[in-house]
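**Student:** when you get a sec, could you give me coordinates for this:
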Amino acid sequence: MKLIKQISLLFFILTLSSSFINTKEENKIIKETNVLSWELEDNVHLVTEVTRNVLSLENVTEVTYKLYVSQNTGISKWETVKKPDYKGFESEEIDVMPLSVKTGGFKNEKYRYVVLSKTKLTPIEKGEFQIEPLKLNITLETPSNKRNLNGGMIMETINKDFESEPVTITVK
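**Tutor:** Numbers count the residues shown, from 1 in each chain. Take a look at the predicted model:
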């Protein structure tokens, strides 16, 4: 009977320590994912550009959404989560297909970018209008510290939502 109690106690201790180790590993993975996510925020930027922020009823403006990606980050896919609403304007999509990757500067650094969409806006009333942000879910790939059997770098993959800044347009 004493042997059974000792075995039971040993089993309980092993189970407890095993769950503690798993929790430590899970916390390490969560921490690494949060660091990776934070680092990727500095490597990917969804930008709204407007040709004119102040215009009259007779004028038009264009809103362009560009996705800037640093040289050491890759994107395997993206999905639109929320499109902007152009209240106070008639909108006409401008075809940007096929998408082409270009090289340019962003915040004094070299980035690759793609023009995701362009929209021609014609005002239908006077006032101050806020163009809502475009929101995308992007699958990103970045080098990890791990290597495969051939010595090649293993890429980390993470899904993250990115949102452009809202833009205000004044119609006089």
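
**Student:** okay, now the unreliable bits of the chain?
**Tutor:** 1-41 (pLDDT under 70).

**Student:** quick check: domain ranges of it?
**Tutor:** Listed domain ranges for the chain are 1-41, 44-171 (source: automatic domain parsing).

**Student:** highest mean neighbour count out of these?
**Tutor:** Of all the domains of the chain, domain 44-171 has the most neighbours on average by mean count of other C-beta atoms under 10 Å, namely a mean of 14. All C-beta spots, glycine's among them, are computed from the backbone N, C-alpha and C.

**Student:** gap between the two ends of that one?
**Tutor:** 32 Å (C-alpha to C-alpha, to the nearest Å).

**Student:** and it, how far from the chain's centre?
**Tutor:** 10 Å (C-alpha atoms, centre = their mean, to the nearest Å).

**Student:** now swap in stretch 161-172 and tell me
**Tutor:** 17 Å.

**Student:** what residues are up against residue 157?
**Tutor:** Neighbouring residues of residue 157 by C-beta atoms under 8 Å, 6 or more residues apart in numbering: 76, 139, 140, 141.

**Student:** can you add distance to residue 169 and give those residues back as JSON lines?
**Tutor:** Shown next, in JSON lines, are the contacts of residue 157 (distance: C-beta to C-beta, whole Å):
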{"residue": "76", "distance to residue 169": "34"}
{"residue": "139", "distance to residue 169": "32"}
{"residue": "140", "distance to residue 169": "31"}
{"residue": "141", "distance to residue 169": "35"}
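
**Student:** TSV please, covering the residues you listed and showing secondary structure.
**Tutor:** Converted to TSV, the contacts of residue 157 look like this (DSSP: H, G, I helix; E, B strand; the rest coil):
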residue	secondary structure
76	strand
139	strand
140	strand
141	strand
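
**Student:** ok, so of those residues, who is nearest residue 159?
**Tutor:** Within the contacts of residue 157, proximity to residue 159 (C-beta to C-beta) peaks at residue 139, which comes in at 5.3 Å.
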